[in-house]
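S.K.: Provide a 3D model corresponding to the input given below.
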Amino acid sequence: MEGLIQYISDINQFKEAVLSILGDSIVPEILISGIYTRMILGDIIDKIIEMNNGDKCKIIISNIINREGLSKSQIRKLYTQGGKIKINSNASNNIIIIGNNAFVLSYSYKYNRENGPRTSFESCILTDCSSVVDKVKEVFLEKWGRSFPLAVENAGEDNL
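M.R.: Model (predicted):
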């Protein structure tokens, strides 16, 4: 194994690390899976859209009701740029892969009828170790193959 292995326990450090990787290099692919809230995923998706990297983005969400914190406009912009979003109710692996970097996240998730889902970031591991990134990517792609496309109005049939 080579390279970086970093433990991140602060949500702001996590976002800074993701945004830095998204902004510093040419990104060959962006793979996102898990249960997220707007607070965690919103800025990341905005940066992907801003950098016109939507076409490199594949996202698996577990629930169409709350869309894991994605706004309708973010979903439409991702689709317009060529991004793909699928649904899999078993998408509980909280992972983000950006090129040769993988984030494996841990949070607490609670749901109640009055307030809906509540997610609290606990920590994550960031690594660029190729054997780990390859394994995380393999898990993502296996789950991607068992997921259903999210249909988006006026987004173009070839993205569905």
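S.K.: switch to C-alpha atoms for all contacts and neighbour counts from now on
M.R.: OK.
S.K.: longest helix of this structure?
M.R.: When the chain is parsed with DSSP state H, its longest helix is helix 130-145.
S.K.: I'd like the average pLDDT over it.
M.R.: Mean pLDDT, helix 130-145: 95.
S.K.: which elements pack onto that helix?
M.R.: strand 30-34, strand 95-98, strand 101-112 (3 or more CA pairs under 8 Å, 6 or more residues apart in numbering; DSSP states H and E).
S.K.: mind redoing it with 7 Å?
M.R.: Applying 3 or more CA pairs under 7 Å, 6 or more residues apart in numbering; DSSP states H and E, we find helix 130-145 packed against no helix or strand.
S.K.: starting at the chain centroid, how far to that helix?
M.R.: Offset of helix 130-145 from its chain centre (CA atoms, centre = their mean, to the nearest Å): 13 Å.
S.K.: alpha carbons of it, as CSV, please.
M.R.: Presented in CSV, the C-alpha positions along helix 130-145 are these (Å, rounded to 0.1, in the frame of the first residue of the first chain):
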residue,chain,number,x,y,z
SER,A,130,-4.8,2.1,-4.9
SER,A,131,-5.8,-1.3,-3.5
VAL,A,132,-8.3,0.3,-1.1
VAL,A,133,-9.7,2.7,-3.7
ASP,A,134,-10.1,-0.2,-6.2
LYS,A,135,-12.0,-2.2,-3.6
VAL,A,136,-14.3,0.7,-2.7
LYS,A,137,-14.9,1.3,-6.4
GLU,A,138,-15.7,-2.4,-7.0
VAL,A,139,-18.3,-2.2,-4.2
PHE,A,140,-19.8,0.9,-5.7
LEU,A,141,-20.0,-0.5,-9.3
GLU,A,142,-21.6,-3.7,-8.0
LYS,A,143,-24.3,-1.8,-6.3
TRP,A,144,-24.6,0.5,-9.3
GLY,A,145,-25.4,-2.5,-11.4
